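K.L.:
just to be clear, the model below is a prediction. Sequence and coordinates:
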Amino acid sequence: MSTDVLVVGGGNAALVSALSAADAGARVRLLERAPAHFRGGNSRHTRNIRCAHDTGDEFTTGPYPGAELRRDLGGVGDGPSDERLAELTVRASPSVPAWMTAHGAHWQPALSGTLNLARTNRFFLGGGKALLNSYYRTAERAGVSVEYDTQVTRLEWTGETCTAAHTADGRRIPAASVVCASGGFEANLAWLGRYWGEAAQGFHVRGPSYNDGRVLRELLDAGAQRAGEERGFHAVAVDARGPRYDGGIATRIDAIPFGIVVDRDGRRFHDEGEDIWPKRYASWGRNIALRPGQIAYALWDAKVQGSFLPPMYGPYTAGSVEELAETLGLDGRAVAETVGAFNTAVDRGGPPSRAFTMSRPDGRSTAGLDPPKSNWAQRLDTPPYYAVPMRPGVTFTYLGVAVTDRARVRRVDGGVFGNVFAAGEIMSGNILSTGYLAGFGMTIGTVWGRIAGREAARHALG
């Protein structure tokens with residue numbers, strides 16, 4: 001068939017782009033590199049989306065004004081990369097849930113737990129996989145042609161216009177407009193190694209091995225302007241015993257604020273009591289990435305065991321701190337000294353002013369300790385003791401292509417490509433810098449997928 005809009009990618013941003021282009025009357029073709037049973041990229045592992053709303057409803061517990069969302073976004077990492085595009089994303093977010101519902105999304109009542117997202121985020125019924133399945137069904141009904149196991153290896157150019165995409169099986173697919181929504185390069189450890197050196201070899205990739213940045217590289221080689229930090233990424237602490245690729249949310253470690261974290265030398269290196277959920281949880285992947293060997297260990301005791309999602313592979317346990325450390329292959333004396341110094345600093349911090357709770361930062365802090373623990377500080381003194389080894393789990397990279405407010409890809413010469421648009425992780429660096437806000441990746445993908453699909457259709461149809 002003749003193609004008005006060619007969408008490269010198969011995750012949330014790609015599907016939203018395809019559906020938006022189809023809504024505008026375009027003939028749409030979507031190329032998904034993965035086989036059908038692995039379709040959807042990182043979006044398969046998602047659970048929720050963060051959007052501003054004026055009132056609570058059956059899926060959120062209260063209002064979340066746009067001004068608050070904007071403050072929250074500005075409070076993570078170094079703040080937005082492009083303030084104007086960040087503001088556009090926030091302003092567009094209130095309309096997202098209704099659009100999603102109209103295109104097949106189903107919702108569930110707010111979930112409680114350590115993420116504390118009941119007021120700010122809406123959860124997909126069945127998670128990201130179910131959302132994607134609904135979108136694919138809607139796309140099929142809308143006449144979108146979907147091709148699986150289809151890797152784009154080259155983009156063909158005539159001047160500033162992309163005339164066709166070439167695939168690994170030797171096909172040339174022409175199109176009037178092209179939407180690049182193929183994710184980041186987090187699965188390309190050699191590319192990550194340019195910025196992280198040998199440390200990249202210690203990274204786990206939470207999503208599929210397909211996200212190697214091939215389409216991003218094609219755009220950059222064709223003269224696309226860069227956006228985002230080279231070392232910027234969404235990365236969390238994951239179980240070091242998990243799979244190298246595609247562990248998703250199941251291997252994330254939630255124990256950090258409940259105890260302490262030590263490196264391979266048995267020493268603490270960062271404040272475990274930052275306002276971690278939901279604004280700082282993604283900082284721990286970077287924290288661990290910067291440590292020797294890219295490994296760290298979360299330690300906690302019997303007082304908090306069972307208070308958070310358990311690690312997928314179960315924790316190590318022992319009757320003493322030294323024995324636990326030695327089980328992990330660490331210096332037992334060094335870890336015991338670290339725990340002793342921590343307990344003393346908790347005592348110096350004075351008696352708690354309120355009961356221990358993870359529902360909010362509680363101000364229970366250490367005194368005279370570097371680094372401090374600024375919240376949820378309580379002694380590790382009740383056996384048995386527990387621990388789990390952790391690695392950086394990279395979700396997606398922020399370095400991508402710069403876009404206009406109509407999702408058109410910018411060029412290094414100051415112009416734009418004639419018919420190329422971008423949505424999702426491949427352009428998230430326009431908004432995200434070094435930090436992350438839970439659920440906002442799906443917001444970026446949906447807001448910009450709608451823009452990219454609509455504008456690509458408009459360009460193709462004249």
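P.N.:
Sure thing, it's come through.
K.L.:
rest of the way, CA atoms for contacts and neighbours
P.N.:
Fine.
K.L.:
how about Ile173, secondary structure?
P.N.:
strand (DSSP: H, G, I helix; E, B strand; the rest coil).
K.L.:
burial measure for it, as a count.
P.N.:
Neighbourhood size, Ile173 [other C-alpha atoms under 10 Å]: 17.
K.L.:
can you give me the distance of it to Ala22?
P.N.:
Plainly put, Ile173 is 18 Å away from Ala22 if you go by C-alpha to C-alpha, to the nearest Å.
K.L.:
what are the ranges of the helices in the chain?
P.N.:
12-23, 66-74, 83-92, 96-102, 127-141, 189-196, 214-221, 284-289, 321-327, 332-348, 440-461 (DSSP state H).
K.L.:
quickly compare these and say which is most buried.
P.N.:
Among the helices of the chain, helix 12-23 has the highest mean neighbour count (mean count of other C-alpha atoms under 10 Å), at a mean of 30.
K.L.:
now for that helix, which elements pack on it?
P.N.:
strand 5-8, strand 28-31, helix 127-141, strand 177-180, helix 440-461 (3 or more C-alpha pairs under 8 Å, 6 or more residues apart in numbering; DSSP states H and E).
K.L.:
recalculate using a threshold of 6 Å.
P.N.:
On a contact count with 3 or more C-alpha pairs under 6 Å, 6 or more residues apart in numbering; DSSP states H and E, helix 12-23 meets helix 440-461.
K.L.:
mean confidence score for the helix it packs on?
P.N.:
Per-residue pLDDT values over helix 440-461 give a mean of 98.
K.L.:
output that helix as CSV, restricted to C-alpha atoms.
P.N.:
Only the C-alpha atoms of helix 440-461 are listed here, as CSV (Å, rounded to 0.1, in the frame of the first residue of the first chain):
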residue,chain,number,x,y,z
PHE,A,440,6.6,11.1,33.2
GLY,A,441,8.3,9.0,30.4
MET,A,442,4.8,7.8,29.4
THR,A,443,3.6,11.4,29.5
ILE,A,444,6.3,12.5,27.1
GLY,A,445,5.6,9.6,24.8
THR,A,446,1.9,10.3,24.7
VAL,A,447,2.0,14.1,24.4
TRP,A,448,4.7,14.1,21.7
GLY,A,449,3.3,11.0,20.0
ARG,A,450,0.0,12.9,19.5
ILE,A,451,1.9,15.9,18.2
ALA,A,452,4.2,13.9,15.9
GLY,A,453,1.4,11.8,14.4
ARG,A,454,-0.9,14.7,13.8
GLU,A,455,1.8,16.9,12.2
ALA,A,456,3.2,14.0,10.1
ALA,A,457,-0.3,13.4,8.8
ARG,A,458,-0.8,17.1,8.1
HIS,A,459,2.5,17.2,6.2
ALA,A,460,1.7,14.1,4.2
LEU,A,461,-1.8,15.1,3.3
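K.L.:
any chance of the helices of the chain in TSV, plus distance to Asp275?
P.N.:
Rendered in TSV, the data for the helices of the chain read as follows (distance: least, C-alpha to C-alpha, whole Å):
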stretch	distance to Asp275
helix 12-23	29
helix 66-74	12
helix 83-92	22
helix 96-102	27
helix 127-141	25
helix 189-196	27
helix 214-221	34
helix 284-289	12
helix 321-327	27
helix 332-348	18
helix 440-461	17
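K.L.:
what's the burial count for Val304?
P.N.:
Counted with other C-alpha under 10 Å, Val304 comes out at 15.
K.L.:
model confidence for it, exactly?
P.N.:
For Val304, the predicted pLDDT is 95.
K.L.:
before we move on, the earlier item: could you work out which of the helices of the chain reaches nearest to Ile249?
P.N.:
Minimum separation from Ile249 across these (C-alpha to C-alpha) falls at helix 127-141, 10.8 Å.
K.L.:
tell me what angle the closest one forms with helix 440-461.
P.N.:
If you take axes from the mean of the first three to the mean of the last three C-alpha atoms, to 10 degrees, helix 127-141 sits at 10 degrees to helix 440-461.
K.L.:
what residues does helix 127-141 touch?
P.N.:
Ser43, Arg44, His45, Thr46, Arg47, Gly104, Ala105 (C-alpha atoms under 6 Å, 6 or more residues apart in numbering).
K.L.:
ok, and the closest non-adjacent residue to the fourth one?
P.N.:
Same thing as Thr46. Gly128 (4.7 Å; C-alpha to C-alpha, 6 or more residues apart in numbering).
K.L.:
same question for the last one.
P.N.:
Counting by C-alpha to C-alpha, 6+ apart, the nearest residue to Ala105 once its immediate chain neighbours are dropped is Leu131, at 5.7 Å.
K.L.:
swap in the fifth one?
P.N.:
With C-alpha to C-alpha, 6+ apart as the measure, Gly127 is the residue that lies nearest to Arg47, at 4.6 Å, once sequence neighbours are left out.
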